[in-house]
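A.B. asks: Turn this into a model:
(chains A, B, C and D)
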Number of protein chains: 2
Amino acid sequence: MQGKAASAQTVASALEAAIHDHRLPPGTRLVEDELSEIYGVSRTQIRAALQALSHRRLVEHQRNRGTFVAQPSVREAREVFEARALLEPRTARSAALRMSDTNISALQAHIDAEHAALHAGQNGRAVSLSGQFHVEIARVADQSTIEAMISQLVVRSSLIIALYWQRRSALCESHAHGALMRAFVARDGALAEELMAQHLLDLVTSLDLRNQSSTPGSLREALI
Amino acid sequence: MQGKAASAQTVASALEAAIHDHRLPPGTRLVEDELSEIYGVSRTQIRAALQALSHRRLVEHQRNRGTFVAQPSVREAREVFEARALLEPRTARSAALRMSDTNISALQAHIDAEHAALHAGQNGRAVSLSGQFHVEIARVADQSTIEAMISQLVVRSSLIIALYWQRRSALCESHAHGALMRAFVARDGALAEELMAQHLLDLVTSLDLRNQSSTPGSLREALI
DNA sequence: GCGGACAAACTTGTATACAATGATGGCCAC
DNA sequence: GTGGCCATCATTGTATACAAGTTTGTCCGC
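C.D. replies: Residues are numbered from 1 along each chain as shown, chains lettered A, B, ... in the order given. Below is the predicted model of the structure:
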C-alpha cells in the first residue's frame, strides 16, 4: 500500500512498536507466514525484519523452530539496567546543557501524552512513551551513537517491565520525569545527571528480580 | 567444508575479523556474487551476513548500489569514543574487582600476542588484538550486554583508526595496556577505572579528527 | 489404558530464477 | 572534439519453489 521499497524496515518498525507497547507479550510466537499475510509482503521481507529485531535482542530466533518475542532473563534484566546506568546519567547532563526551549516543549508534550495514555488505561502505551522520553533526551544530547544504544536498551527494558513489574509500585514514573524536566528547564546538568541515576535505580528496585529462571521455566513456573 | 548450518554467521564473523584486522579497508566494495564464490555459499547467506554487519555499522548498504566497508565520519568517530568513555572505565573497575589469576594470564597472553604481531609488522592484526583486549575486560566484568556493546564499538574504532590514525604517535598502546594490567594484578578498581579513562582519551587525541568531510570527500581529498 | 513408533501437516531453511536498477561505454549530432 | 543519448552489462532486489526439520496426532502392541 505504502511504498513497497523498504518494506522490511517498515515491518520491523511496526513489530518493534508492538513489542514496546506490550501488544506483543514476551514469548509470543511470530510465524513468518502469518506476518507475511498481515503485512502483505513476502516472507523474504518478514525474515529480514525478524533478523533485524533479533540483532536488537527483541526477538529470539530458534533454528528450525521459529521466532519468539524475547523473554529477558533476570540476569539480562540486571545487565540492561546496568548499561543504562552507565550511559544515561551523563547523557542527561549533556542534554541539560544543550537543551533549547523547543526541546523542552517537545519533552513536555511527551510527558503529557504519557499521562494521557496512563489515564486512558493504556498501560503498555504509557510504558512505551515513558521509554521514548529517555531516547528523546539522548537525541537532545546530540549523540546519535549513544542514542541508538539507549533506544535498544529502552525497548528491552519494556520487555523486562512486562515480565518483572510488580504492580504495587504504581506511577512513580511521572514524578521522576517531572523532576528531570525541572532540571532541564533550569539547565542544571549536575542535577539532571543525579536525578537520572536515581530514576534508573528506582526503576530496577520496582522490579521483582528474584531468580525465576525466566526463559525455560516460564511454563513450569506458571503451572507449579 | 565446515558445518553448512549457520553459514551466514560464519561469513559474518570472517568478514568482521577481516575488517577488524584492516585487511578490508574502509570503503571497500563487497560484491555479493564474489563473496558467494569465495565462501562457497549462496547469495542468500551472504546477504544475511551483510545485513548483520550493517546492523553493527561495520558496513554501509546503499540500495541498488551495493555494500561497502563503513567509513565512519569524524562525527561518528567522536561519538564512538564518547560512548566508550561512558562504558569502559567503570567496566574496567568491575573487572579489576572480579579478576581471577586465570583471567590475568589470558589478558597477558593477549598483550603478548599484540606485541608479537606488532614486531612482525602486522599492524592491522595488532590493532585488532589490542581492541580485543578491551572486549576481554568486559567479559571478565561478567557483563555480556555491555560486552556486546563494547565489542561493536571496538570494531568500529578499528575502522576509525584505519581512517584517522596519524602515524607519528606510534606504540603508546602497549604502555597503556601494561599499566592496566598492573592495576588488574593489584585488584585496584579505582586505578583501573582511571587508567582506562585516560587510555581512551589518549586514543582520541592520537587521531586526526579535523573535519575532512570523510565519506563523500575521500576521493576529492585524495586528488586535491 | 499406556507407551512408543510411525505418518501427516506445518513451519522454517535455502537456492535460484527473474525483475529492476544503476553504471559503463559507444555513438551520433552539433 | 564535446555533450548528451541510448544500449549493454553488471549487480542488487524480490518472490517463489522446494528441501529439511519439527511438531502433532494416530495407530498398534502390550
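A.B. asks: Could you pick out the residues of chain A near DNA strand C for me?
C.D. replies: A:29-33, A:43-44, A:47, A:61, A:63-67 (Cβ under 7 Å from any atom of the strand). C-beta coordinates here come from the backbone N, C-alpha and C atoms, glycine included.
A.B. asks: out of those, which touch DNA strand D?
C.D. replies: Answer for those near DNA strand D (Cβ under 7 Å from any atom of the strand): A:43-44, A:64-65.
A.B. asks: possible to save those as CSV with secondary structure, neighbour count and distance to chain B?
C.D. replies: Formatted as CSV, those follow (DSSP: H, G, I helix; E, B strand; the rest coil; neighbours: other Cβ atoms under 10 Å in any protein chain shown; distance: Cβ to the nearest Cβ, whole Å):
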residue, secondary structure, neighbour count, distance to chain B
A:R43, helix, 13, 12
A:T44, helix, 14, 9
A:N64, coil, 5, 10
A:R65, coil, 9, 14
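A.B. asks: Quickly name whichever of those residues is closest to A:A141.
C.D. replies: A:T44 (37.2 Å; Cβ to Cβ).
A.B. asks: Give me the helices and strands touching the helix or strand harbouring A:E34, please.
C.D. replies: Element membership of A:E34, judged by DSSP states H and E, is helix A:32-39. Secondary-structure packing of helix A:32-39 (3 or more Cβ pairs under 8 Å, 6 or more residues apart in numbering or on different chains; DSSP states H and E): helix A:7-20, helix A:43-55.
A.B. asks: Mind checking the pLDDT average for it?
C.D. replies: Averaging pLDDT along helix A:32-39 gives 95.
A.B. asks: ditto for stretch A:109-123
C.D. replies: Stretch A:109-123 comes out at a mean pLDDT of 88.
A.B. asks: contacting residues around the closest residue to DNA strand D within chain A?
C.D. replies: For chain A and DNA strand D, the shortest gap (Cβ to the nearest atom of the strand) falls at A:S42, measuring 3.2 Å. When contacts are counted by Cβ atoms under 8 Å, 6 or more residues apart in numbering or on different chains, A:S42 is found next to A:S36.
A.B. asks: follow-up on the earlier one: closest one of the residues of chain A next to DNA strand C to chain B?
C.D. replies: Distance to chain B, by Cβ to the nearest Cβ, is smallest for A:R63 among those, at 7.6 Å.
A.B. asks: thinking again about what came up before, pull out the buried members of the residues of chain A next to DNA strand C.
C.D. replies: Buried members of the residues of chain A next to DNA strand C, counted by 16 or more other Cβ atoms under 10 Å in any protein chain shown: A:30, A:32, A:47, A:61, A:67.
A.B. asks: sorry, back to before: farthest-separated two in the ones next to DNA strand D among the residues of chain A next to DNA strand C?
C.D. replies: Farthest-apart pair in those is A:T44 and A:R65; separation 19.7 Å (Cβ to Cβ).
A.B. asks: Chain A against DNA strand D: which residues are in contact?
C.D. replies: A:4-5, A:7-8, A:41-45, A:64-65.
A.B. asks: will you turn these into a markdown table that also has distance to B:Q132?
C.D. replies: A markdown table is the format used below for the residues of chain A next to DNA strand D (distance: Cβ to Cβ, whole Å):
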| residue | distance to B:Q132 |
| --- | --- |
| A:K4 | 42 |
| A:A5 | 38 |
| A:S7 | 37 |
| A:A8 | 32 |
| A:V41 | 39 |
| A:S42 | 39 |
| A:R43 | 37 |
| A:T44 | 35 |
| A:Q45 | 35 |
| A:N64 | 32 |
| A:R65 | 32 |
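A.B. asks: if we can go back for a sec, now do the phi/psi pair for the residue of chain A closest to DNA strand D.
C.D. replies: Note on A:S42: backbone dihedrals following degrees, to the nearest 10 are phi -80, psi 160.
A.B. asks: Equivalent analysis for A:G66, please.
C.D. replies: Dihedral angles for A:G66 - degrees, to the nearest 10 - are phi 140, psi -180.
A.B. asks: The nearest residue to it once chain neighbours are set aside and B:I38, how far apart?
C.D. replies: Distance criterion Cβ to Cβ, 6 or more residues apart in numbering or on different chains; nearest residue to A:G66, sequence neighbours excluded, is A:R29 at 5.6 Å. Remark: distance between A:R29 and B:I38 (Cβ to Cβ, to the nearest Å) = 36 Å.
A.B. asks: ok, back up a step: export the helices and strands packed on helix A:32-39 as a markdown table, with columns for distance to A:M196 and mean pLDDT.
C.D. replies: Below are these laid out as a markdown table (distance: least, Cβ to Cβ, whole Å; pLDDT from 0 to 100):
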| stretch | distance to A:M196 | mean pLDDT |
| --- | --- | --- |
| helix A:7-20 | 20 | 96 |
| helix A:43-55 | 27 | 97 |
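A.B. asks: Nearest to B:L97 among the ones you listed would be which one?
C.D. replies: Closest among those, using Cβ to Cβ: helix A:43-55, at 31.1 Å.
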